[in-house]
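Undergrad: Give me coordinates for this.
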Amino acid sequence: LKVSLISTATVEGEAAQKMVLRLVQSQKMADAFAANALRAAYQAERALVSAQEASMLGLRVFLRGGRVMAGINPWVAVGWSVVEVAVLIGSSALISRFLGLIRNRLLAGNLGAGEEFDIYLAAFRVPDFIYGILILGGISAVFLPLFSEYFEKSGKEAWEFVNNLLHVLFFGLAALALILFFLAPWLVHIVAPGFSSESKEMTVGLTRLMLLSPILLGISSVFSGTLHYFNRFLAYSFAPILYNLGIIGGILFLLPKFGLWGLGMGVVLGAGLHVLIQIPSAIKSGFVWHPVLHFGHPSIWKVLRLALPRTVGVAGYHINLIVMTALASILSAGSVTIFILADDIQHVPVGLVGIPFALASFPALSRFFAQKNLLAFQETFFLAFRRILFVAAPLALFLFLLREPLTRLIYGTGRFGTTDVELTAAVLGVFTFGILFQALIPLLARAFFSLQDTKTPTLIGLSSFALNIILALTFLDMFRSENTFS
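TA: Sure, this is the predicted structure:
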């Protein structure tokens, strides 16, 4: 019996061993099948990426944006798409800057570096202050990240946010413009303390007229943000071109008839064209107007909370400009003109390189942060950073070496004489040392904005503006008397 049991157990043990071997073989086959499945999935994923890249190639060929399709990220080919959008915006910026130089040349030829040109430029300070701190520095900086966040959740909620913000901005800016209309005499005294009584009175009138422009540009900024999200950069790119054309139209047709008032009319006309060109593309992107006005909506409070630190920082920048204008106004007539014309030339590389790459990268940075894709965020940022360095550095050197011939070519006409050209070129030569850093600031700032961090760039900006004003006062006092530099 024992022998029989042992024999039976041995047979069953051998059978169990064979079963274990079969299980091991089955496991190996399952592992091999899983590996094949993983390889197939990887190949399918690569095929999907290739298809997405091919679709982006078609987008790049036609240079047009469309709706973001479900499951498809239009920024897969990050390097190419950002570069191409930057080229598109840079090309429009080149045209706009060229028109801006024509505008300034026409102004210089008609008004010269004298009292009238100083009045026109000083009148810009208050409307520019509103536009800069509330719109360009505040709303524009926080709108796109918030719109991206809402659109990821619900398209209906995102468009409701757009409609409400449009109405809040319109009534808010109109109320502010009305208040500043009555405060204009006091504000002009701060902006241009060195002007005569007649010049101050004319500056007050022009300032009041041009307070209409920030209202229009505020509405335009919301449409610009939506077009950025949907990669519809073409209409946005034409907006500043039409703005300059409006001002040039004022110089050519309204200045001879209405004097300096014609220039103010041209500014308002340009702001109107700036918003009108973008409305059709916004409608194609899905915008439908609704009469919504809710000042207490959580989205409006979030805009204010995020925009406030940035607004403070940009206010520092414009306060700095106002201080520089005020200091120039106490010098000889034409000093305001020379300072601002030189500043306009130094901002050409910033407008051609720094701002286009920053604007082109901003939608991708905002979208990647909303999707928690930090690797793509870093790749997009550093690609744009390197390209700005590569282009801005030689442009700064070029401007420094050819500062006087370029200034003479751009402004040397009519009543803008040789001495005015030489002084403007000398100021431009000093400005060229900061061009590389000025070109990087828009990208660095928008990287923080896409992270919904507006405090860090604000603190840095305020510190630099305070230092700038202190140095301006110091050097102004130094150069007034005989010194080594004389």
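Undergrad: Going by C-alpha atoms from here, please, whenever you check contacts or count neighbours.
TA: Will do.
Undergrad: Give me the distance between residue 144 and residue 175.
TA: Residue 144 is 25 Å from residue 175, where distance means C-alpha to C-alpha, to the nearest Å.
Undergrad: The two: which is more packed in?
TA: In terms of neighbours (other C-alpha atoms under 10 Å), residue 144 is the more surrounded of residue 144 and residue 175; the figures are 24 against 13.
Undergrad: Within the helices and strands, which one has that one?
TA: Assigned by DSSP states H and E, residue 144 belongs to helix 140-153.
Undergrad: So which bits of stretch 269-286 are buried?
TA: Across stretch 269-286, burial judged by 16 or more other C-alpha atoms under 10 Å covers 269-279, 281-282, 285.
Undergrad: what stretches of the protein score poorly on pLDDT?
TA: 1-83, 86, 90, 313, 481-486 (pLDDT under 70).
Undergrad: Quick one: the helices in the stretch 51-200 of the chain, in order.
TA: 78-111, 115-123, 125-130, 140-153, 155-191, 197-210 (DSSP state H, counting those that start in this stretch).
Undergrad: list the helices and strands the last one packs on?
TA: The contact analysis (3 or more C-alpha pairs under 8 Å, 6 or more residues apart in numbering; DSSP states H and E) places helix 197-210 against helix 115-123, helix 125-130, helix 155-191, helix 260-276.
Undergrad: Can you give the contact residues for it?
TA: With contacts defined as C-alpha atoms under 8 Å, 6 or more residues apart in numbering, helix 197-210 is touched by 115-116, 119-120, 122-124, 126-127, 180-181, 184-185, 188-189, 192, 260-261, 264-265, 267-268.
Undergrad: and the next helix or strand after that helix, what does it pack onto?
TA: Counting by DSSP H and E, the next helix or strand C-terminal to helix 197-210 is helix 212-229. Helix 212-229 is packed against helix 125-130, helix 140-153, helix 155-191, helix 233-249, helix 260-276, helix 279-284, with contacts defined by 3+ C-alpha pairs under 8 Å, 6+ apart.
Undergrad: Of the helices and strands packed on helix 197-210, give the one that comes closest to residue 97.
TA: Judged by C-alpha to C-alpha, the one of the helices and strands packed on helix 197-210 that comes nearest to residue 97 is helix 260-276, at 14.5 Å.
Undergrad: Just list what that closest one packs against, helices and strands only.
TA: Using 3+ C-alpha pairs under 8 Å, 6+ apart: helix 260-276 touches helix 115-123, helix 197-210, helix 212-229, helix 233-249, helix 255-258.
Undergrad: Out of those, the one nearest residue 341 is which?
TA: With C-alpha to C-alpha as the measure, helix 115-123 is the member of the helices and strands packed on helix 260-276 nearest residue 341 (9.8 Å).
Undergrad: helix/strand/coil for the residue sitting nearest the centre point of the chain?
TA: Nearest residue to the geometric centre of the chain (C-alpha atoms, centre = their mean): residue 359, 5.1 Å. Three-state call for residue 359 (DSSP: H, G, I helix; E, B strand; the rest coil): helix.
Undergrad: one step back: can you add distance to residue 296 and give the helices of the stretch 51-200 of the chain back as TSV?
TA: Output for these, formatted as TSV (distance: least, C-alpha to C-alpha, whole Å):
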stretch	distance to residue 296
helix 78-111	36
helix 115-123	34
helix 125-130	22
helix 140-153	17
helix 155-191	10
helix 197-210	30
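Undergrad: Can you tell me which of the ones you listed is nearest to residue 363?
TA: helix 140-153 (7.0 Å).
Undergrad: just the angle between the closest one and helix 212-229, please?
TA: Put simply, helix 140-153 runs at 40 degrees to helix 212-229, going by axes from the mean of the first three to the mean of the last three C-alpha atoms, to 10 degrees.
Undergrad: the helices in the stretch 301-450 of the chain, which residues?
TA: Taking DSSP H, counting those that start in this stretch, the helices of the stretch 301-450 of the chain run over residues 335-349, 355-370, 374-401, 403-411, 418-431, 435-450.
Undergrad: Could you single out the most deeply buried of these?
TA: Of all the helices of the stretch 301-450 of the chain, helix 355-370 has the most neighbours on average by mean count of other C-alpha atoms under 10 Å, namely a mean of 25.
Undergrad: Show me what that helix is in contact with.
TA: Helix 355-370 is contacted from outside by 75, 82-83, 85-87, 89-90, 93, 144-145, 148-149, 228-229, 374, 376-377, 380-381, 384, 388, 439, 442-443, 446-447, 450-451, using C-alpha under 8 Å, 6+ apart.
Undergrad: ditto for stretch 404-418
TA: 101-102, 104-105, 108-113, 399, 421-422, 424-426.
Undergrad: Can you tell me how far residue 346 is from residue 438?
TA: 9 Å.
Undergrad: nope, residue 300 is what I was after
TA: As judged by C-alpha to C-alpha, residue 300 and residue 438 stand 31 Å apart.
Undergrad: same deal with residue 250?
TA: Using C-alpha to C-alpha, we find residue 250 at a distance of 30 Å from residue 438.
Undergrad: Equivalent analysis for residue 311, please.
TA: As judged by C-alpha to C-alpha, residue 311 and residue 438 stand 19 Å apart.
Undergrad: now swap in residue 397 and tell me
TA: Distance, residue 397 to residue 438, by C-alpha to C-alpha: 14 Å.
Undergrad: now could you export just the CA positions of the helix holding residue 144 as PDB?
TA: Coordinates of each C-alpha in helix 140-153 appear next as PDB, following Å, rounded to 0.1, in the frame of the first residue of the first chain:
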ATOM      1  CA  SER A 140      -4.100  91.800 -21.200                       C
ATOM      2  CA  ALA A 141      -1.600  90.100 -18.900                       C
ATOM      3  CA  VAL A 142      -4.200  88.100 -17.000                       C
ATOM      4  CA  PHE A 143      -7.000  87.600 -19.600                       C
ATOM      5  CA  LEU A 144      -5.400  84.800 -21.700                       C
ATOM      6  CA  PRO A 145      -4.500  82.500 -18.700                       C
ATOM      7  CA  LEU A 146      -8.000  82.900 -17.300                       C
ATOM      8  CA  PHE A 147      -9.700  82.400 -20.600                       C
ATOM      9  CA  SER A 148      -7.600  79.200 -21.200                       C
ATOM     10  CA  GLU A 149      -8.600  78.000 -17.700                       C
ATOM     11  CA  TYR A 150     -12.300  78.600 -18.300                       C
ATOM     12  CA  PHE A 151     -12.200  77.200 -21.900                       C
ATOM     13  CA  GLU A 152     -10.700  73.900 -20.600                       C
ATOM     14  CA  LYS A 153     -13.700  73.500 -18.400                       C
END
